[in-house]
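Participant: Turn this into a model:
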Amino acid sequence: MVITVPLEPDFLLPQVVSSIVGKVLSDQLFEPLAALTPEMNPFGDKGFEPRLAKSWTWAPDSMSIAFSINPRARWHDGRPVRAEDVRLGFDLLRDTLVAAGQGANVADIDSVQVRDSLTAVIWFKRRALDQFFAAVVNIIPVPAHILGGADRASIRNNAFVRAPVGSGRFRFVRWVPGQLVELIADTANFLGRAKLDRVVLSVAPDANTAAQRLLSGEADFYEILRGDQLASAQKSPNIQVKPYGGVDIASLQLNLRDPRNRSRPHPVFGNREIRRALTHAIDRVSIARNIYDTLASVPFAPAPRAYGLADSSIRQLTYDTAAANRTLDSLGWRARNRDGIRVRNGVPLRFSVIFPTSSRPRQRVAVLLQEQLKQVGVGVDVAPVEMNSMIQRMRVRDFDAVLNSWHFDATPSSIRQTWSAAAAREGGDNYGSWTNPAFESAIDSAIAAPDVARARSLYRRAYQIWVDDAPAVLLYEPNLVAGAHKRIKLAMLRPDAWWAYLADWSIPADQRIDRDRVGLAAARQ
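Facilitator: So this is what the prediction gives:
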């Protein structure tokens with residue numbers, strides 16, 4: 001099966017992956033200890049099924065969980081999966097030399113102990129409703145016999161991150177930069193052979209080309225159809241259209257530190273009132289409609305609607321150019337230059353926005369933002385950059401603002417990955433370096449809440465603090481629709497990970513086309 005994607009993956013090692021395409025691939029190559037079931041219940045362990053761990057045992061005080069590794073589990077080089085592999089997966093997340101973006105998600109995990117070769121014990125600093133989720137979703141075992149002695153400071157340059165030896169139901173075959181990544185079924189996998197012989201991720205130069213590859217029959221699956229693409233797919237006799245919700249939010253991410261000197265606040269975004277004025281000046285409803293028509297909504301908070309926590313009870317900074325103008329006037333940005341841009345002490349109120357060259361929707365958003373903010377005297381310089389360069393610039397905080405998209409885990413506590421002080425360090429996913437002690441206190445209390453009702457109340461309190469402080473402008477939350485060739489028999493498309501059950505997708509023998517008959521032997525060559 002050919003999956004078309006508009007972006008190159010960044011890496012294939014779970015601990016350093018930061019792109020969705022990289023996540024799609026690494027999830028096929030590496031198994032977790034346990035996996036979410038389709039119900040997506042992150043609280044407790046009832047909503048999980050065994051993977052590398054055949055079973056687990058909670059300590060009486062819930063401060064540790066002992067995972068029993070399935071003795072049949074093997075790495076793709078034939079070596080058995082061991083408890084030491086679990087410990088290494090955790091150590092890589094916590095090592096500051098690795099600077100793993102997911103490190104903030106395991107802040108409440110103290111350590112991983114190797115009790116014996118097939119028993120890994122995960123110890124927690126405190127109890128939480130979703131502590132099991134935090135452990136098994138984030139701590140992905142990796143082969144200690146290969147990576148145990150790797151230089152962690154340069155691990156992103158290690159050959160393993162582009163040609164890994166995994167434990168999943170698919171094996172890595174090849175990565176042709178700018179073209180494709182190919183996987184084949186692991187025929188001896190302890191969880192059972194994948195139903196597809198091989199999966200090829202075909203890298204397109206942009207989203208429009210990716211969609212056209214599906215529509216022309218060159219590819220078999222594309223995860224996001226919108227506008228004219230969706231209309232064409234709905235008319236095609238060969239394509240099935242599958243809505244699956246999604247947990248993505250697009251935003252204008254603001255850098256609160258000066259990229260030229262991080263010891264100083266950003267000259268524009270370091271001021272809370274300017275951030276609030278910019279939010280007032282942006283017509284987010286029209287932007288969402290322009291990009292997704294009726295298939296997107298303006299987010300209420302930095303959390304997807306799928307959580308059931310973010311709703312209209314959270315006070316919003318609504319579209320109000322009069323309020324934006326009043327605030328900017330009050331801050332001394334009254335005079336305007338010949339271009340209509342506000343000036344204070346001879347300095348124009350201007351910033352740059354970066355976005356990936358491969359994303360036409362984000363290019364359109366950048367132009368809309370430029371037009372809307374100019375109406376209140378704010379200059380915006382749009383700067384398209386190659387996607388991997390954009391990711392690197394975000395990691396080192398070399399930007400003013402960036403059109404970014406967050407893909408959320410299935411638990412609300414994952415907000416710490418993007419908005420905690422721990423994630424604000426270079427390499428972490430808090431790219432804007434926003435911190436707020438009251439926000440973190442509310443999140444910490446929500447995570448440690450004794451029941452779901454109390455947790456929900458505390459998360460809403462945290463979201464209100466975030467909205468009031470405006471560290472980013474939430475633009476739209478799409479309701480995602482995928483397209484697939486009709487011969488593909490899809491398993492469930494989970495909202496947080498459409499690829500979660502990819503190994504169970506299939507193509508009936510009597511419906512296969514020529515490229516479906518390549519087989520495993522040819523794929524290995």
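
Participant: Could you use CA atoms for every contact and neighbour count after this?
Facilitator: Will do.

Participant: Could you measure from the residue lying closest to Arg336 once chain neighbours are set aside over to Gly377?
Facilitator: With sequence-adjacent residues excluded and distances taken as CA to CA, 6 or more residues apart in numbering, Arg336 is closest to Arg342, at 4.3 Å. Distance, Arg342 to Gly377, using CA to CA, to the nearest Å: 5 Å.

Participant: Need the residues touching each of those two.
Facilitator: Arg336, Leu349 (CA atoms under 8 Å, 6 or more residues apart in numbering).

Participant: Hmm, Val378 and the residue nearest to Arg336 touching each other?
Facilitator: Yes. In terms of CA atoms under 8 Å, Arg342 counts as a neighbour of Val378; the distance is 6.3 Å.

Participant: does Tyr307 really touch Asp409, like I thought?
Facilitator: No. Between Tyr307 and Asp409 there is no contact under CA under 8 Å: 10.1 Å.

Participant: Out of the two, name the residue with the larger neighbour count.
Facilitator: Asp409 (22 against 12; other CA atoms under 10 Å).

Participant: Helix, strand or coil: sort out that one for me.
Facilitator: Using DSSP: H, G, I helix; E, B strand; the rest coil, the structure places Asp409 in coil.

Participant: From Gly246, how far off is the closest residue to it other than its chain neighbours?
Facilitator: Of all residues not flanking Asp409 in the chain, Asp496 sits nearest, at 6.4 Å (CA to CA, 6+ apart). Look at Asp496 and Gly246: by CA to CA, they are 6 Å apart.

Participant: With Ser167 instead?
Facilitator: With CA to CA as the criterion, Ser167 and Gly246 are 27 Å apart.

Participant: and what of Ala231?
Facilitator: When Ala231 is compared with Gly246 (using CA to CA), they lie 20 Å apart.

Participant: Give the residue from these two that has the larger number of neighbours.
Facilitator: Gly246 (22 against 12).

Participant: Give me the distance between the residue lying closest to that one once chain neighbours are set aside and Ile415.
Facilitator: Nearest residue to Gly246, sequence neighbours excluded (CA to CA, 6+ apart): Pro495, at 4.3 Å. Per CA to CA, Pro495 is found 17 Å from Ile415.

Participant: List phi and psi for the residue nearest to Arg336.
Facilitator: phi -60, psi 150 (degrees, to the nearest 10).

Participant: who's in contact with it?
Facilitator: Contacts of Arg342 (CA under 8 Å, 6+ apart): Trp333, Arg334, Ala335, Arg336, Pro348, Leu349, Gly377, Val378.

Participant: For beta bridges, what are the partners of the residue nearest the centre of the chain?
Facilitator: By CA atoms, centre = their mean, the chain has its centre lying nearest to His407, at 3.4 Å. Applying DSSP bridges to His407 gives these bridge partners: Asp248.

Participant: ok, it - contacts?
Facilitator: Contacts of His407 by CA under 8 Å, 6+ apart are Ile20, Val247, Asp248, Ile249, Asp496.

Participant: Point out where this protein drops to low pLDDT.
Facilitator: The model of the chain has pLDDT under 70 over residues 520-525.

Participant: so where do the strands sit in the stretch 101-250 of the chain?
Facilitator: Under the criterion DSSP state E, counting those that start in this stretch, the stretch 101-250 of the chain contains strands at 109-116, 119-124, 170-176, 180-185, 198-203, 221-222, 239-245, 248-254.

Participant: Any chance of a markdown table for those, columns distance to Leu25?
Facilitator: Output for those, formatted as a markdown table (distance: least, CA to CA, whole Å):
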| stretch | distance to Leu25 |
| --- | --- |
| strand 109-116 | 26 |
| strand 119-124 | 25 |
| strand 170-176 | 9 |
| strand 180-185 | 9 |
| strand 198-203 | 9 |
| strand 221-222 | 15 |
| strand 239-245 | 19 |
| strand 248-254 | 18 |
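
Participant: tell me the most buried of these?
Facilitator: strand 221-222 (a mean of 26; mean count of other CA atoms under 10 Å).

Participant: Can you tell me what sits against that one?
Facilitator: Val2, Ile3, Thr4, Val5, Ala210, Ala211, Leu214, Ala482, Gly483, Ala484, His485.

Participant: Can you point out the buried residues in the helix or strand encompassing the second one?
Facilitator: Same thing as Ile3. Per DSSP states H and E: Ile3 is located in strand 2-5. Going by neighbour count (16 or more other CA atoms under 10 Å), the buried part of strand 2-5 is Val2, Ile3, Thr4, Val5.

Participant: The second one and Val24: what is the separation?
Facilitator: Here the distance between Ile3 and Val24 works out to 11 Å (CA to CA).

Participant: same thing with the third one?
Facilitator: When CA to CA is the yardstick, Thr4 and Val24 sit 12 Å from each other.

Participant: got it, and the first one?
Facilitator: Between Val2 and Val24 the computed distance is 13 Å (CA to CA).

Participant: Glu218 now?
Facilitator: Taking CA to CA, one finds Glu218 at 20 Å from Val24.

Participant: So for those two, which sits in the more crowded spot?
Facilitator: Remark: of Glu218 and Val24, Val24 carries more neighbours, 19 against 15, as counted by other CA under 10 Å.

Participant: Shouldn't that one be within a helix?
Facilitator: Yes. Counting by three-state DSSP, Val24 falls inside a helix.

Participant: Just give the number of residues close to Gly149.
Facilitator: 8.

Participant: mind checking the SS state of the closest residue to Arg456 other than its chain neighbours?
Facilitator: Nearest non-adjacent residue to Arg456, counting by CA to CA, 6+ apart: Leu309, 6.2 Å away. Under the three-state scheme (three-state DSSP), Leu309 adopts coil.

Participant: roughly how far apart are Leu309 and Leu129?
Facilitator: 15 Å.

Participant: now swap in Ile354 and tell me
Facilitator: Ile354 is 38 Å from Leu129, by CA to CA.

Participant: Comparing the two, which residue is more hemmed in?
Facilitator: Ile354 (26 against 21).

Participant: For stretch 23-42, buried residues please.
Facilitator: So stretch 23-42, judged by 16+ other CA under 10 Å, has buried residues 23-36, 41-42.

Participant: Nearest to Val382, out of those: which one, please.
Facilitator: Lys23 (28.2 Å; CA to CA).

Participant: who's in contact with that closest one?
Facilitator: Contacts of Lys23 (CA under 8 Å, 6+ apart): Leu12, Pro14, Val17.

Participant: I'd like those as TSV, with distance to Leu317 and neighbour count appended.
Facilitator: As requested, those are exported to TSV (distance: CA to CA, whole Å; neighbours: other CA atoms under 10 Å):
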residue	distance to Leu317	neighbour count
Leu12	39	29
Pro14	37	25
Val17	33	22
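
Participant: Which ones among the residues you listed map onto strands?
Facilitator: Among the contacts of Lys23, none falls in strands (DSSP state E).

Participant: and of those residues, the nearest to Glu49?
Facilitator: Looking across the contacts of Lys23 and measuring by CA to CA, the closest to Glu49 is Pro14, at 19.8 Å.

Participant: which residues does the closest one contact?
Facilitator: Lys23, Ser26, Asp27, Phe30, Ile140.

Participant: could those go into a markdown table alongside distance to Arg193?
Facilitator: Below are these laid out as a markdown table (distance: CA to CA, whole Å):
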| residue | distance to Arg193 |
| --- | --- |
| Lys23 | 21 |
| Ser26 | 17 |
| Asp27 | 15 |
| Phe30 | 14 |
| Ile140 | 21 |
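
Participant: List just the nearest of the residues you listed to Ala323.
Facilitator: Out of the contacts of Pro14, the member with the shortest distance to Ala323 (by CA to CA) is Lys23, at 41.2 Å.

Participant: and the gap between that closest one and His407?
Facilitator: For Lys23 relative to His407 (CA to CA), the value is 11 Å.

Participant: same check, this time on Ala120
Facilitator: For Ala120, the distance to His407 - CA to CA - is 29 Å.

Participant: With that, I have no additional questions.
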